[in-house]
Every structure is written in C-alpha cells, then in structure tokens.
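Colleague: Test case, fold it:
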Amino acid sequence: MRTAGIAALAYSLFVSGALGADVKEHGAIGDGRADDTAAIQRAVELGGTVTFPDGTYRITKTIAVKLDETGYTALSASGAAKLVMAGPGPAVKFVGTNEAKENLVRSRAQVWDREARPLVNGLRIEGDHDAADGIQAEGTVQFTVTGTQIRGVRNGIHLTKSNRNVVISNSHIYANRGIGVFYDDVYVHQSNITGCHISYNLGGGIVSRAGDVRNIQIGSCDLEANLDPDGPPAANVLLDSRGASKGVAEIEIVGCTIQHTYKGPGGANVRIIGAGQEDEDADIRKGNVTIANNVLSDVQVNVHLQNVRGAVVSGNTMWRGYAHNILIEGSQDVVVASNTLGRSPRYSTRGRPTETNAVLIRHSKDVIFNANVLSQTRGAPAGLSVIASKRVNVTNSTIVDCDGPEILLDDVSLVRISDCILNDDRKDSPNIKQSGGSRIQIVDNLQDLGSTP
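Modeller: Here you go, the predicted structure:
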C-alpha cells in the first residue's frame with residue numbers, strides 16, 4: 001500500500017508539472033525528419049522542467065508556453081539537443097500575464113506563484129524557414145536564456161509587449177538574418193546580457209526600437225559584424241528612442257569587444273539615438289549612458305551619440321573608424337575621457353578605404369574631452385572638430401599627427417582648450433584653427449604653431 005501511495009503521488013506530481021517531462025516520453029522522435037511539434041507541445045503543457053535528450057527535433061509550428069496554464073516552465077538540454085524551426089514564427093514563445101510596470105514585488109500572486117523565471121538552458125535552435133525566429137517572450141518576469149545557441153533564424157531573441165528582469169547569458173546568437181537580441185517597442189526594465197557571442201546578425205546585434213527600456217547592462221560580450229554590407233544602416237548595438245514616449249535610458253556597455261564591418265553603409269559599433277533630428281532643440285531626457293573599457297574597431301563610426309543626455313565614454317580603445325571614431329551630435333552632459341583613438345599598426349590598410357578616425361562634436365553642449373590620445377586622423381577637417389557647440393572643455397589630451405589642424409573650432413562659445421600636447425611634425429596646418437565663435441580660452445598647451453582665427 002505504501003509503494004502504491006508513493007507511485008500515485010509521483011504520478012500526480014508528474015501530471016501537475018512539478019516533476020517536468022521528457023519530450024521523447026511524449027512521442028518526440030528527435031531524428032531531424034519527423035515532425036515533433038505535437039509531442040513537444042504536449043510535454044510543455046505539463047510545465048516544470050521539460051528535457052530534450054540528445055537529438056534533432058524538427059517542428060513546424062511555434063511551441064507555445066502559456067505560463068498562466070503551465071506554471072513554472074524550463075526547457076532544458078545538455079547542449080547536444082537541437083530544435084529546428086521549419087515553419088514561420090518563433091520556435092518557442094513564452095507568454096506570461098505580467099503587466100506590472102511599478103512595484104513588481106507586489107505583483108499579483110499568479111505571477112510569482114506560477115509564472116516567474118521561465119528558462120531556456122542548453123538548447124540549440126536553428127531555422128529552416130525564411131520567417132523562422134528563435135525565442136519570443138511577452139508578459140514575463142525574470143525570463144532567462146543561458147547556455148543556448150540560436151542560429152540561422154530571422155530574429156534570435158525577440159522581446160515584445162512587456163517583460164521584467166531579463167537575463168541572457170553565456171549564449172551564442174550567431175549568423176541570423178535579422179536581429180540578435182531585439183527589444184521591439186517593448187516595456188523592459190532591468191535586462192542583463194553577459195558573456196555572450198552575438199555576431200553575424202544582419203539586422204543588428206542588440207537592437208532596441210521605441211518602447212520604454214531601462215537598465216540595459218551589456219558586459220563581457222563579443223559583438224561582431226552585425227551589419228549587412230548590402231542592407232540599411234545597422235549597428236552592433238543600436239538603441240533608438242525615436243517614436244517613443246520614453247525610449248531607452250540607463251545603459252551600461254562595459255568590457256566588450258565590438259567590431260566589424262566597415263562595409264556596412266552607415267554602420268556603427270555603438271549607436272544611441274535619444275530622439276529624431278527634428279527634436280534636437282527640445283529638452284533631452286533620454287540617456288544616462290556608460291560606455292567603458294571596450295575594444296571597438298572596423299566600422300564607419302565606433303561610437304555615435306545623437307540627442308543623448310548624460311553619457312560617459314571612458315577607457316576604450318578605438319581604431320578603424322572609417323568616418324569617425326566618435327560622433328557626438330545634439331547631445332549634452334557628455335564626458336569623453338581616457339580613450340586611445342588612433343591606428344593599429346598590426347592591421348594592413350591594403351585594399352581598404354582610408355580610415356578617418358576623427359572625433360566630431362557638433363550642436364552639443366556641456367562636453368568634456370579629457371586625457372585622451374587622438375592620433376593620425378586622415379581625410380577629415382581636423383583630428384577633433386567642435387562645431388556649433390558651447391561649454392566644451394578640452395584638457396590634458398595628446399592630439400598629434402592629424403591631417404589639417406589637430407583641433408578645429410567653428411561657431412563655438414564658452415570653449416576652453418588647456419594643458420594639451422598638440423604636435424604634427426609635418427606642420428601641414430596650425431595645431432588649432434578657429435572660425436567664428438566667442439569666449440574661447442586657449443592656455444597652457446604645448447604646440448607647434450599658434451592658433452589662427
């Protein structure tokens with residue numbers, strides 16, 4: 001009797017999802033030929049930990065994980081199980097009921113008792129349809145993807161509607177036709193992307209458009225070649241607030257390698273857009289950005305800040321910025337400090353266009369450019385150009401061997417240049433060139449030639 005009671009309890013827990021399910025026990029074949037959609041869906045509807053033994057599981061419809069029905073659900077594999085999406089839409093879609101935008105800890109019991117922390121762990125997802133996507137999440141709390149590979153789909157991880165506390169870690173999101181991680185006009189507060197390889201996604205690496213997105217942390221990732229040489233402008237990291245009432249703010253991009261490819265027209269490594277050009281005279285509220293300790297190279301613009309408030313670009317090394325190393329426009333309260341901005345002699349320029357590597361600050365105010373090394377810019381009006389801007393402080397920097405002047409000031413006010421080394425043995429131009437402007441102070445610099453009006 002006791003044995004029968006234990007068996008009955010185990011069966012009850014299995015049916016309720018507390019013990020989870022093995023997809024093969026529900027009829028999945030895993031040979032890459034059979035359609036395993038229905039079997040996997042049956043296993044998922046039990047909730048709990050849904051395990052995928054080694055094999056290739058072909059599906060033709062989205063596996064829907066309705067968290068209010070399944071309860072806690074995790075999709076788990078050893079890393080040798082592959083889910084092939086041979087139909088349109090996401091391979092897996094998590095749907096929760098959370099809509100809380102404040103006081104998440106006081107959210108409905110339904111969310112915490114049944115839905116929190118949906119998980120994908122150790123699964124490989126590939127596409128076999130032009131409209132196949134990887135994973136989509138909406139209405140979730142603590143959505144987590146780790147140790148996962150997504151390849152050959154359209155969009156890798158697609159965040160829609162509303163999600164809170166997203167973690168994407170130790171995953172490979174690689175060679176997809178669209179975007180690697182896509183914040184699609186979504187409400188997301190607190191999201192961490194760490195230790196990931198996000199590369200060769202032709203629509204962009206990590207992209208946010210419109211929405212209300214706060215606290216994006218991107219750290220220790222390798223982000224490369226997320227630009228289409230034959231497509232529209234994209235970026236390895238693109239955070240675009242245009243068309244949003246709130247947009248993207250409170251961003252940290254730290255300790256990453258972010259590179260390639262200069263062949264992408266208008267491409268950037270990091271591009272943050274606070275608002276459209278038509279709004280550049282309005283109060284700028286989007287921003288609070290830290291871009292620190294990264295390696296950035298081989299694109300048209302390494303760092304592009306447009307209509308952003310409160311940004312720090314610090315401790316980075318940048319080269320091969322074919323249009324600009326740094327472009328700041330329509331922005332305010334920006335610090336650019338302790339970066340190296342130049343050329344890398346280990347890379348040949350044979351067969352490539354000239355890399356400009358220049359820095360341009362225009363239509364901006366309250367900017368500090370301090371303790372940077374900027375060298376050997378080519379084909380630009382100057383190494384550092386400050387245009388139509390005010391309250392700009394250029395200090396303690398080494399700016400050398402640039403085509404034209406090392407610093408160009410045009411239509412500026414309240415600008416100070418001090419304690420810099422400005423040198424060019426070619427002496428092709430005065431180190432500082434001024435055109436118009438007022439209240440400009442140039443003191444205590446070591447330079448070859450004096451400034452000219």
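Colleague: hang on, residue 70 packs against residue 45?
Modeller: Yes. Assessed by C-beta atoms under 8 Å, residue 70 is found in contact with residue 45 at 6.0 Å. In short, each C-beta sits where N, CA and C put it, glycine included.
Colleague: Tell me which of these two has more neighbours.
Modeller: Higher neighbour count among residue 70 and residue 45: residue 70, with 21 against 18, using other C-beta atoms under 10 Å.
Colleague: And the nearest residue to that one once chain neighbours are set aside, how far from residue 91?
Modeller: With sequence-adjacent residues excluded and distances taken as C-beta to C-beta, 6 or more residues apart in numbering, residue 70 is closest to residue 47, at 3.6 Å. Residue 47 sits 18 Å away from residue 91, going by C-beta to C-beta, to the nearest Å.
Colleague: Of those two, which one has the most company?
Modeller: Just comparing residue 47 and residue 91: by other C-beta under 10 Å the higher neighbour count belongs to residue 91, 28 against 23.
Colleague: Next one: that one from residue 113, what distance?
Modeller: Residue 91 is 27 Å from residue 113, by C-beta to C-beta.
Colleague: Residue ranges in the stretch 351-453 of the chain under the pLDDT threshold?
Modeller: Regions of the stretch 351-453 of the chain meeting the criterion pLDDT under 70 cover residues 449-453.
Colleague: what comes up buried for the longest strand seen in the chain?
Modeller: Secondary structure of the chain read by DSSP state E shows that its longest strand is strand 179-194. Neighbour-count burial for strand 179-194 flags 179-194 (criterion: 16 or more other C-beta atoms under 10 Å).
Colleague: before we move on, what about stretch 51-68?
Modeller: Residues 51-52, 55-67 are the ones in stretch 51-68 that count as buried (16+ other C-beta under 10 Å).
Colleague: what does stretch 121-135 give?
Modeller: Under the neighbour-count criterion of 16+ other C-beta under 10 Å, stretch 121-135 has 121, 122, 123, 124, 125, 126, 127, 129, 132, 133, 134, 135 buried.
Colleague: what's residue 199 in contact with, if anything?
Modeller: Residues near residue 199 by C-beta atoms under 8 Å, 6 or more residues apart in numbering: 173, 174, 175, 180, 205, 222, 223, 224, 225, 226.
Colleague: same deal with residue 80?
Modeller: Applying C-beta under 8 Å, 6+ apart to residue 80 gives the contacts 54, 124.
Colleague: how close does it get to residue 372?
Modeller: According to C-beta to C-beta, residue 80 stands 48 Å off from residue 372.
Colleague: Run a quick neighbour tally on residue 353.
Modeller: 11.
Colleague: Show the average pLDDT along stretch 173-189.
Modeller: For stretch 173-189, mean pLDDT rounds to 97.
Colleague: List every C-alpha atom in that stretch, with coordinates, as CSV.
Modeller: This file holds the C-alpha atoms of stretch 173-189, laid out as CSV (Å, rounded to 0.1, in the frame of the first residue of the first chain):
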residue,chain,number,x,y,z
ILE,A,173,23.4,34.1,-31.1
TYR,A,174,25.0,33.7,-34.4
ALA,A,175,24.5,34.2,-38.2
ASN,A,176,20.9,35.2,-38.2
ARG,A,177,19.1,37.1,-41.0
GLY,A,178,17.6,39.7,-38.7
ILE,A,179,18.5,41.0,-35.2
GLY,A,180,20.3,39.0,-32.5
VAL,A,181,18.5,40.4,-29.4
PHE,A,182,15.5,42.6,-30.3
TYR,A,183,13.7,44.9,-27.9
ASP,A,184,10.8,45.6,-30.1
ASP,A,185,8.8,48.6,-28.9
VAL,A,186,8.7,46.8,-25.6
TYR,A,187,8.5,47.7,-21.9
VAL,A,188,11.6,46.2,-20.3
HIS,A,189,13.1,47.2,-17.0
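Colleague: roughly how far out does that stretch sit from the chain middle?
Modeller: 9 Å (C-alpha atoms, centre = their mean, to the nearest Å).
Colleague: which regions of the stretch 1-150 of the chain lie under the pLDDT threshold?
Modeller: Ranges of the stretch 1-150 of the chain meeting pLDDT under 70: 1-19, 100-107.
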